[in-house]
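Asks: What follows is a protein structure lacking sequence information:
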């Protein structure tokens, strides 16, 4: 009887640790993909012609308020979107978005957002870095459309708070708008395909 209880206890412990392992495994895959893509993005930025050979990354850039004009009730304001996608000679049409980086400047505040995209077009990872109040760095990992881990200034949590869930929905909403912006710009480029 004691041996059966010990076996049941051990199995329940193992069953409880399996989801944590799968979250860690998913995050490790996302980190590996992010490192690969970030290296290719850096190569593509340094040398647009020869830079990214693995995926054949192409980059489109869209800048809002490029001349840094002062906006009423905002001050100086500029937002630059960089869309990295498979294209050029590597693809017949540039349509597989891989990563998007958004650099925002509002007066003296700076914010950089990065969105890593899965092969199916889903959001896998969000990274934000800011020089403002609140977390200076934030990472949110996604799986099947849900946030699975949040890291703020190196403090990680897998049990997401209600505020985390709300923020993840906000990130997914922004991601949806950014993806539409990319699709519209590509549609214009390809003659309204």
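Replies: Structure received. Since this is a predicted model, take the numbers as computed values, not measurements.

Asks: Which residue lies closest in space to the residue nearest to the spatial centre of the chain, excluding its sequence neighbours?
Replies: The centroid of the chain falls nearest to residue 115 when counting by Cα atoms, centre = their mean (2.1 Å). What sits nearest to residue 115 in space, not counting adjacent residues and going by Cβ to Cβ, 6 or more residues apart in numbering, is residue 100, at 4.5 Å. Just so you know, the C-beta spots here come from the backbone N, C-alpha and C atoms, and that holds for glycine as well.

Asks: before we move on, back to that, for the residue nearest to the centre of the chain, give the beta-bridge partners.
Replies: As for beta bridges, residue 115 partners with residue 100, residue 126 under DSSP bridges.

Asks: Can you name every helix or strand that the host helix or strand of residue 97 contacts?
Replies: For residue 97, the host element (DSSP states H and E) is strand 96-106. Under the contact definition 3 or more Cβ pairs under 8 Å, 6 or more residues apart in numbering; DSSP states H and E, strand 96-106 sits against helix 2-46, strand 75-86, strand 109-117, helix 162-189.

Asks: Do me a favour and average the pLDDT over the first one.
Replies: This points to helix 2-46. Mean per-residue pLDDT for helix 2-46: 72.

Asks: contacts for the helix or strand just after it?
Replies: Sequence order places strand 57-64 as the next helix or strand after helix 2-46, per DSSP H and E. With contact meaning Cβ atoms under 8 Å, 6 or more residues apart in numbering, strand 57-64 is reached by 40-41, 44-45, 48, 51, 77-88, 94, 98, 181-182, 185-186.

Asks: Now the buried members of those.
Replies: Buried members of the contacts of strand 57-64, scored by 16 or more other Cβ atoms under 10 Å, are 40-41, 44, 51, 78-87, 94, 98, 182, 186.

Asks: re the thing from before, tell me the angle of the strand holding residue 97 relative to helix 162-189?
Replies: Per axes from the mean of the first three to the mean of the last three Cα atoms, to 10 degrees, the angle that strand 96-106 makes with helix 162-189 is 110 degrees.

Asks: Strand 96-106 vs strand 109-117, what angle?
Replies: Put simply, strand 96-106 runs at 170 degrees to strand 109-117, going by the same axes, to 10 degrees.

Asks: Compute the inter-axis angle for strand 96-106 and strand 75-86.
Replies: Relative orientation of strand 96-106 versus strand 75-86 (the same axes, to 10 degrees): 170 degrees.

Asks: Give me the contacts around strand 96-106.
Replies: Outside strand 96-106, the residues within contact range by Cβ under 8 Å, 6+ apart are 37-38, 40-41, 55, 57, 74-87, 110-117, 119, 121, 178-179, 182.
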